[in-house]
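> Pasting a predicted model and its sequence here:
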Amino acid sequence: MNSAGHTLVDDLNKLIDERLDDPSFSIESICQTLGISRSQLYRILKEETNLSTTRYLRKRRLLKTRELLLSTDLRISEICDRVGFTSPQNLSTYFTEEFGLSPTEFRKMQQFEPVALPVVAELEPEPRATELEPVVSIPPRPVPFWERRRNWLMGGLVALLSLVIVSLYWTLRQPDQEPLKLPATNTIAILPFVNLGGGDSSPARDGVMDEVYSSVSLLKSLKVIARSSSDQYQNTKKSMWQIGDELHVAHLLKGSVLKSGDQLQVKLELIGTQDDIREWERVYQGNYQTIFSMTDQMVRDVTDQLDKAIGSTTHDSVKVSGGVQRNPTRTRNLEAYNLFLQGRQLVVGRSKDNLLQSLNRFDRALALDSTFAEAYAFKATAYMLLWVLNYADVKTTYGPAEQAALTAIRLDPTNSTAYGALGSLYHNSYQWKAADNAFRIGLQHSPNDAQLTYWYSLLLRSVGRLPEAVRYSQRAVELDPLYPVILTGHILNCIYLGDKVKAQEAIRSGEGIFDNAFIYYLGRGYYYLDQADYAQAIASFNTLLRLNPNYKNYESANMYCLARQGKRAEALAWLQRLPRTSPRADYDRAVVFAGLAESDSCLHYLKKAADGGFYHRDMMVSTLFKPYRTHPTFRAILRQYQLN
């Protein structure tokens, strides 16, 4: 045992214990406090404990968790706060990996005696040779036969009792925890780049990050987390390993951009999340006018480094750099490009005003460069959203959206954004086969596109291909784990498939993350509705209403639940407030009459809505109409919309 290493581990333990409840306590903070470099700390810990710095810090937290479970009655969420984990789910996952039981199971097992729990070595250095006590040899006394026989019997009884208890426990135990799976080595998230300059440097920062992300995400052998999830770590205080855990990626790419006049400086860092070690860094400098050639070089360097990092951690022949190529959808006109970036950011907001402003930016960009395929693709997306979100009617949006998407595809046949807009346009107009073709072609060119993957899962749900729908929505969740809309869609897919376990897992994965996301409670509400737990469903819908009073698409489902509870008067009173001449209102009437178990009225209004041009895309698989799926009227509606 190295004396200096022993002292450092002692100091490290004290420091960790002092800051145990701080989830932002990072390896950088440890190094600054102890006055040691990251590489020195990593080397010493490896020599003394055979653990990386990240693993050591995590294990220290887990040992404190075990201590609190044994010595206190604190709830798991309270213990989570005290030991510095970001969520009870992460705590439970790592505790299970370390000790073989979840925290709840560990606490329950304390009542079973004399069952021994798994022995885990404490995080202390081995004692030095000078600290060992002298060993005194004492000859064993002879043990009489009767005493040996009694010991055998007692030992046998204890072993038998232990076996029975353990067998009973594992028989009754609910498998609520999946074994921890380390992220695949070919996974990465690109964190928001830092602007080191003034306000005029923001377009440069956005442009560099956009170019790097767009090109890296085209690599088919690499799983790249969607920006709607990775962008949530803007100005985060979380450590790299915490972000890696939450996004389930093996690598993070960090960047900083400084624009000074016409000069541009970009620094990139590739971080390994399992050990929180910087794997590579490089600084790029040049004239701002050369931004596109600079980013081409950045992408080549990043993918080369990923190949090296993957090769150092696996024997698999996983290569990501084979498909590196220039992003063909961009322009070489910087002014057009900046207008495009502004427009694309406005599309993310999805309000009516933002979408209209985005169209203005795209048109101005296209006036400067009429061959800018990606500007046409996002123009199509903006028009499509204006229609789908009910901001404008189909007559003023469908034609321009389709024309812009087809123009983008003519200019760039690999443009997945255009295929996504076109697929969603066809999906919402009940052109199932055309939508399927558009989505599949788009995914061939951009398998890392989370939104495109999710939209395709919705189409698969509409046409009744539920196992495929779940597979694609699961993939979309993996690519964009912090986007509540995608998780909610996945929950609904699992519900309609009838996979209660997967639906529960998806709901649990959103707890503590999407507590303030109104759409998440739509998924919860439909889950409880499917389980006929109408009180819980209504509670979820009421939470949705509190979080977003303007979202009305769930109201008929809420009335369905009230009707199933026997509150007929309330359901009928709500029906009286619906518009008289609206196909969508006729569909809502059908939902409520389904809750009232009035099949004739339900089917009448479903047919009336369909004849008026409205067909709910989930009607074929919805729990609401499960009793009517074989009825001739219901089947006729499906045939009317080419679904039978």
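Sure thing, it's come through. Residues are numbered from 1 along each chain as shown.

> in the stretch 451-600 of the chain, which spans are strands?
Here the stretch 451-600 of the chain has no strands by DSSP state E, counting those that start in this stretch.

> How about the chain?
With DSSP state E as the criterion, the chain has strands at 187-190, 194-195, 223-224, 251-260, 263-272, 277-287.

> Buried residues, the fourth one. List them.
The reference is to strand 251-260. Neighbour-count burial for strand 251-260, counted by 16 or more other C-beta atoms under 10 Å, picks out H251, L252, L253, K254, G255, S256, V257, L258, K259. (C-beta placed from N, C-alpha, C; glycine too.)

> Columns distance to E18 and pLDDT on top of those, output as a markdown table?
Putting the buried residues of strand 251-260 into a markdown table (distance: C-beta to C-beta, whole Å; pLDDT from 0 to 100) gives the following:
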| residue | distance to E18 | pLDDT |
| --- | --- | --- |
| H251 | 31 | 90 |
| L252 | 27 | 92 |
| L253 | 32 | 92 |
| K254 | 28 | 92 |
| G255 | 33 | 92 |
| S256 | 31 | 92 |
| V257 | 36 | 92 |
| L258 | 36 | 91 |
| K259 | 41 | 87 |
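
> Which one of those is nearest to A469?
For these, the minimum distance to A469 (C-beta to C-beta) is 29.9 Å, reached by H251.

> Give me the distance between the closest one and L359.
Separation of H251 from L359 (C-beta to C-beta, to the nearest Å): 37 Å.

> what does L545 give?
Counting by C-beta to C-beta, the gap from L545 to L359 is 32 Å.

> Student question: in this protein, what's the helix or strand with minimum average pLDDT?
helix 145-172 (a mean of 52; mean pLDDT, DSSP states H and E).

> Distance from stretch 38-45 to the middle of the chain?
Chain-centre distance of stretch 38-45: 32 Å, with C-alpha atoms, centre = their mean, to the nearest Å.

> cool, stretch 394-410 as well?
For stretch 394-410 - counting by C-alpha atoms, centre = their mean - the centre lies 31 Å from the chain centre.

> What are the buried residues along it?
So, applying 16+ other C-beta under 10 Å, buried residues of stretch 394-410: T397, Y398, P400, A401, E402, A404, A405, T407, A408, I409.

> my read: the first one touches A382, true?
No. The pair T397 and A382 fails to qualify as a contact (C-beta atoms under 8 Å) at a distance of 9.2 Å.

> Excluding sequence neighbours, find me the nearest residue to A535.
Among residues not flanking A535 along the chain, Q565 sits closest, at 7.5 Å (C-beta to C-beta, 6 or more residues apart in numbering).

> Hmm, Q536 and that neighbour touching each other?
No. In terms of C-beta under 8 Å, Q565 does not count as a neighbour of Q536; the distance is 11.6 Å.

> Near R508, how many other residues are there?
Residues within reach of R508, counting by other C-beta atoms under 10 Å, total 11.

> Any figure for the gap between R410 and K59?
Taking C-beta to C-beta, one finds R410 at 57 Å from K59.

> same question, A594
54 Å.

> rewinding a little: okay if I get the buried residues of stretch 394-410 as JSON lines plus pLDDT?
Output for the buried residues of stretch 394-410, formatted as JSON lines (pLDDT from 0 to 100):
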{"residue": "T397", "pLDDT": "96"}
{"residue": "Y398", "pLDDT": "96"}
{"residue": "P400", "pLDDT": "96"}
{"residue": "A401", "pLDDT": "96"}
{"residue": "E402", "pLDDT": "96"}
{"residue": "A404", "pLDDT": "97"}
{"residue": "A405", "pLDDT": "97"}
{"residue": "T407", "pLDDT": "97"}
{"residue": "A408", "pLDDT": "96"}
{"residue": "I409", "pLDDT": "95"}
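
> low-confidence ranges in the chain?
Residue ranges of the chain with pLDDT under 70: 1-6, 23-24, 39, 86, 89, 108-182, 199-200, 311-329.

> So which residue is smack in the middle of it?
Against the mean C-alpha coordinate of the chain, by C-alpha atoms, centre = their mean, the closest residue is P481 at 0.8 Å.

> S230 is in contact with that one, correct?
No. Look at P481 against S230 with C-beta under 8 Å: they stay out of range, at 9.8 Å.

> residues shared between the contacts of the two?
Common neighbours of P481 and S230, using C-beta atoms under 8 Å, 6 or more residues apart in numbering, are L247.

> so who does the residue lying closest to the residue nearest to the centre of the chain once chain neighbours are set aside touch?
Excluding its sequence neighbours, the residue lying closest to P481 (C-beta to C-beta, 6+ apart) is S229, at 5.5 Å. Applying C-beta under 8 Å, 6+ apart, we find S229 in contact with A189, L247, D480, P481, L482, Y483.
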